[in-house]
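Engineer: model this:
(2 chains)
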Amino acid sequence: MINLLRMDLYRLKRSKSVYICLGILMAATVLAFSMIYLVATPQGQNFALKIGLLDNSEIEEGQAIVMLDVSGIEEGQAMVNGADSLDMFRETCMDGGMFGCVIGIIITLFMCGDFQNGFIKNIMSLHRTRWKYIGSKLAAAGILNFFFLIVCFLFNSLMNLLFHNMVSYAALADILFYLALAWFINTAFSALVILACILTRSTAAGVMTSLLLCGGIIQSVLGQITSLFHMDGWLKYTLYYNMSAAPSAYSGIGDLKGAVLGLAFIVIYSAAAAFFVTRQDI
Amino acid sequence: MSKEKYAVETAALTKVYKGKAAVDHLNLQVKEGAVYGFIGRNGAGKSTTLKMLCGLLRPTEGDIRLFEKPVGDPMTARRTGCLIEATGIYPHMTAQQNLILKAKCMGLADRESVEHVMSITGLTRTGSKKTKHFSMGMKQRLGIALALLGNPDLLILDEPINGLDPEGIREIRQLFLELNQQGKTLIISSHILGELSKIATHYGIIREGCLAEQLSREDLEKKCSDYFQVQVDDVKRALTIAAEKAPALRTEVCDNQTLRVYGLKEGAWLNQLFVESRIQVYSSGFHHMDLEEYFLSRMDGMEANGKETGKND
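Structural biologist: Here you go, the predicted structure:
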C-alpha cells in the first residue's frame, strides 16, 4: 500500500486540478476578505468612496449601496465584530461546504482518471489485493485534506494581515482543535466520493456527489422535508451538519462528536468501497 | 524425467457475462520459456482470458496458476507484465513520468530500470512530449515498456504490435525474441498471424470461448501441408475432373478461378489433364500453408462440422 501511496502522491503533485482548486479556494478567500473589508471597516468604506463604490449619503443613512445591500453591510459588520481568524476561515471556506466540494472534485478527477485512461490495469495487475487501492486513495485524500486545510488557513491569516488585521487571531489550541475536527469530517466526505467513483467510475457522478452531498444540498432538502414531520433529528448525525456546527474551541468531550462521526463514516465508506472494488471486473 | 514447468496453467477457466460464456472451461497450458501465440477471431474470448490471467477479471469458475502458484499470489503478480487492449497511460504526463509512476507502484526505487525499458523500446527521445501527443505506435511502445518494467518472467501482451510501422514491428519482434532468449515466457495475442508465426513456439486457437487446439510450432509445421494451386478458366469442371481422376486427394475451391489440391506429390500430370480436357490453365505451382491459412482452414473446418471440439482438446 505504501508503494501505491507513493505513486498517488507523485501523481497528485503533478495534477493541475490540485493547483486550480487550491487557486479557487484562495480566490474565494480574497474575494470574501475584500468584500468584508469594503463594507465593514472604516478604511474599507473610505476606499470604497474613493473608487465610487459608495457615496457619503448612503453611508450616513446606512442605506443600500451600489453593489451591496444593507443586509450585506450588517452581515459584514457582524462578522467582523467579535470575530477571530478562525471564524473568518470558517466563513470563507468551511461552513458553507465549499472546501468539501472542492476536495471532492479533486478526488473525483484523481480517481476517475485511473479508470478513464486505463492505468488502473497497470495497478490492478500488480496489486491483486484490491482493498489496498482504496487504502492508498484514502490516505492520499487524507494527506490532500491536511495540506489544503493548512494552506487555506495560513492563506486566510495572510489575508487578515494584508487587510490590516481586520479580525483578531484565534488561540493556537483552538485552531489546532478545529483543523483536526475539520480534517476528520472532510476526509469522511472524501471517502464518500471515493465510494461514488468506485461504484460509477464516472466523473460526472463524482462531481455531482461532491456538489450535492459535500455541499450540503441533499442534506438541506431532506432536512426541510423531514422537519415538516418533526423527524429532522437525524440531521445532527450528518457530516455536513457537524461541519457547519463544529465548535471552534474544545470545551468538553461532547465537542469530539464531529471527529468520532467523521471517523465512523471514513470506516463505513472505505469498507463499502473496498467491498465493491474487490468484486468488480476491471 | 523431470516434470515440465508451466508458466501458466488454467483448469476449466470460465467467464460468464449475462448468462453467456465468453470463456468456457478453458484448459490452457503455457510452458516456461515459450512464446505462446494466442489466436482467435474477434469476440472469441482472447482478451477475456488474458484479463483473467492478469487478475483484472474474476473468473466465474475455474482455476489459474502462474508459475505453479495461485493467480492471487503477490509474487506471481510481480513476475508478470501485462499489456491488455489499449495502453493505460496518463495523457498529461510524459513517457518517463508514466514509467516512474508504475515503478513507484511496484516499489522500484531505481531510475535505471525506467531508463533501461525506455531505451529498449525506443522511447528515450520522447523527452518532455506528453503522451497525449504520441502516435498510436509510440503509445504501444510505451505500453510494452510499462509491461517490461520490473523485468517480469511472464509477459502477457494483447495485440502488442497494433499501430506499429514496419520498422517498429521488426524492432519489437527482435525485442520479443531477445526476451525469449533470456528465458522469459511470452503470451501474445495478435491478429497479424504472419508476424506471430515468426516468433511463436506454441499456439493456442480459441473459438467461442473454447480452446479449439493447442499445438507447438513443430506440430503446426507437420499440419501445414504443401498444396498444389492451379488457376483455370473453369474451376467447376476442373474440380469435377480432379475428383474423378484422383478421388483420394483433398480439393478446395478458393475462388472462381483457383483450385487447391492437397496431398499431391507432382503436379505436371494434373496440368496436362486439365489441358487435355480443354480447360485453360493460367498458372500452377506448389505452395506451403502458413499459420494464417491453417487458422482459417481450421475455423472453416469447424464451422462446417458444427462445433467440432465442444470443449477443449
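Engineer: for the stretch 51-200 of chain A, what are the low-confidence residue spans?
Structural biologist: The stretch 51-200 of chain A contains residues with pLDDT under 70 at A:54-80.
Engineer: and residue B:280, what are its phi and psi?
Structural biologist: According to degrees, to the nearest 10, the main-chain angles of residue B:280 amount to phi -80, psi 130.
Engineer: quick check, pLDDT for it.
Structural biologist: At residue B:280, the pLDDT value in this model is 88.
Engineer: same check, this time on residue A:19
Structural biologist: Here the pLDDT value assigned to residue A:19 is 93.
Engineer: that one looks like it's in a strand, true?
Structural biologist: No: per DSSP: H, G, I helix; E, B strand; the rest coil, residue A:19 lies outside any strand segment and is helix.
Engineer: can you pull the contacts of it?
Structural biologist: By C-beta atoms under 8 Å, 6 or more residues apart in numbering or on different chains, the contact set of residue A:19 is empty. The way it works is simple: take the backbone N, C-alpha and C, and place the C-beta from them, glycine included.
Engineer: how close does it get to chain B?
Structural biologist: Relative to chain B, residue A:19 is positioned 13 Å away (C-beta to the nearest C-beta, to the nearest Å).
Engineer: got it, and residue A:249?
Structural biologist: 41 Å.
Engineer: for that residue, which non-adjacent residue is closest in space?
Structural biologist: residue A:174 (4.3 Å; C-beta to C-beta, 6 or more residues apart in numbering or on different chains).
Engineer: swap in residue A:29?
Structural biologist: Leaving aside its chain neighbours, residue A:29 sits nearest to residue A:92 (4.9 Å; criterion: C-beta to C-beta, 6+ apart).
Engineer: kindly report the same for residue B:62.
Structural biologist: residue B:13 (3.7 Å).
Engineer: pLDDT wise, what is that neighbour at?
Structural biologist: Predicted confidence (pLDDT) for residue B:13: 90.
Engineer: smallest distance to chain A belongs to which residue of the stretch 1-150 of chain B?
Structural biologist: Nearest to chain A, among the residues of the stretch 1-150 of chain B, is residue B:88, at 3.2 Å (C-beta to the nearest C-beta).
Engineer: on that earlier part again, hmm, the residue nearest to residue A:249 is touching residue A:87, no?
Structural biologist: No: with contact defined as C-beta atoms under 8 Å, residue A:174 does not reach residue A:87; the gap is 10.3 Å.
Engineer: spell out which residues of the stretch 101-250 of chain B are next to chain A.
Structural biologist: B:101, B:102, B:104, B:105, B:106, B:107, B:146 (C-beta under 8 Å from any C-beta of the partner chain).
Engineer: confidence-wise, which of the residues you listed comes last?
Structural biologist: For these, the model is least confident at residue B:107; its pLDDT is 84.
Engineer: tell me how many other residues crowd that residue.
Structural biologist: For residue B:107, the count of nearby residues is 14 (other C-beta atoms under 10 Å in any protein chain shown).
Engineer: for it, which non-adjacent residue is closest in space?
Structural biologist: Residue B:107 sits nearest to residue A:3 (C-beta to C-beta, 6+ apart), 4.2 Å away.
Engineer: using the three-state scheme, assign that neighbour.
Structural biologist: helix.
Engineer: so it makes contact with residue B:102?
Structural biologist: No: assessed by C-beta under 8 Å, residue A:3 is found out of contact with residue B:102, at 10.2 Å.
Engineer: what residues does the stretch 1-150 of chain A have near chain B?
Structural biologist: Residues of the stretch 1-150 of chain A found near chain B (C-beta under 8 Å from any C-beta) are A:2-4, A:6-7, A:10-11, A:14, A:16, A:113, A:117-129.
Engineer: switch to 7 Å and redo it
Structural biologist: Within the stretch 1-150 of chain A, the positions near chain B by C-beta under 7 Å from any C-beta of the partner chain are A:3-4, A:6-7, A:10-11, A:14, A:113, A:117-126, A:128.
Engineer: just these: which are in strands?
Structural biologist: Using DSSP state E, no member of the residues of the stretch 1-150 of chain A next to chain B sits in strands.
Engineer: whichever of the residues you listed end up buried, select them in ChimeraX.
Structural biologist: Of the residues of the stretch 1-150 of chain A next to chain B, the buried ones can be selected in ChimeraX as follows, counting by 16 or more other C-beta atoms under 10 Å in any protein chain shown:
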select /A:3,4,6,7,10,11,113,117,118,119,120,121,122,123,124,125,126,128
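Engineer: find the closest residue to chain A in the stretch 201-313 of chain B.
Structural biologist: Closest residue of the stretch 201-313 of chain B to chain A, C-beta to the nearest C-beta: residue B:209 (16.0 Å).
Engineer: now for the residue of the stretch 1-150 of chain B closest to chain A, how many residues are close by?
Structural biologist: By the criterion of other C-beta under 10 Å, residue B:88 has 27 neighbours.
Engineer: do I have it right that it meets residue A:123?
Structural biologist: No: between residue B:88 and residue A:123 there is no contact, the gap being 8.6 Å when judged by C-beta atoms under 7 Å.
Engineer: excluding sequence neighbours, find me the nearest residue to the residue in the stretch 151-282 of chain A positioned nearest to chain B.
Structural biologist: Distances between the stretch 151-282 of chain A and chain B by C-beta to the nearest C-beta are smallest at residue A:282, namely 4.1 Å. Of all residues not flanking residue A:282 in the chain, residue B:56 sits nearest, at 4.1 Å (C-beta to C-beta, 6+ apart).
Engineer: report the secondary structure state of that neighbour.
Structural biologist: Following three-state DSSP, we place residue B:56 in the coil state.
Engineer: separation between it and residue B:100?
Structural biologist: Separation of residue B:56 from residue B:100 (C-beta to C-beta, to the nearest Å) stands at 22 Å.
Engineer: repeat that for residue B:296.
Structural biologist: The gap separating residue B:296 from residue B:100 is 44 Å, by C-beta to C-beta.
Engineer: the more surrounded of these two?
Structural biologist: With neighbours defined as other C-beta under 10 Å, residue B:296 and residue B:100 compare such that residue B:100 has more, 20 against 13.
Engineer: surely that one meets residue B:112?
Structural biologist: No: at 12.0 Å, residue B:100 does not count as touching residue B:112 under the criterion of C-beta under 7 Å.
Engineer: give the contact list for residue 102.
Structural biologist: Picking chain A for this. Shown in contact with residue A:102 (C-beta atoms under 7 Å, 6 or more residues apart in numbering or on different chains): A:21, A:24, A:25.
Engineer: other chain: chain B
Structural biologist: With contact taken as C-beta under 7 Å, 6+ apart, residue B:102 is in contact with A:122, B:146, B:149.
Engineer: just checking, which of those belong to helices?
Structural biologist: Among the contacts of residue B:102, the members found in helices (DSSP state H) are A:122, B:146.
Engineer: make a markdown table out of the contacts of residue B:102 and add distance to residue B:277.
Structural biologist: Below are the contacts of residue B:102 laid out as a markdown table (distance: C-beta to C-beta, whole Å):
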| residue | distance to residue B:277 |
| --- | --- |
| A:122 | 64 |
| B:146 | 62 |
| B:149 | 65 |
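Engineer: closest to residue A:270 among the contacts of residue B:102?
Structural biologist: Proximity of those to residue A:270 (C-beta to C-beta) peaks at residue A:122, which lies at 22.7 Å.
Engineer: quick one, what contacts the closest one?
Structural biologist: B:88, B:102, B:105, B:146.
Engineer: host element of the third one?
Structural biologist: Secondary structure assigned from DSSP states H and E places residue B:105 in helix B:95-106.
Engineer: and that helix, C-alpha only, in CSV?
Structural biologist: Listed next in CSV are the C-alpha coordinates belonging to helix B:95-106 (Å, rounded to 0.1, in the frame of the first residue of the first chain):
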residue,chain,number,x,y,z
ALA,B,95,6.5,8.6,-21.2
GLN,B,96,9.1,8.8,-18.4
GLN,B,97,6.6,10.1,-15.9
ASN,B,98,4.2,7.3,-16.7
LEU,B,99,7.0,4.8,-16.2
ILE,B,100,8.1,6.4,-13.0
LEU,B,101,4.5,6.2,-11.8
LYS,B,102,4.4,2.4,-12.4
ALA,B,103,7.9,2.0,-11.0
LYS,B,104,6.7,3.6,-7.8
CYS,B,105,3.6,1.4,-7.8
MET,B,106,5.9,-1.6,-8.0
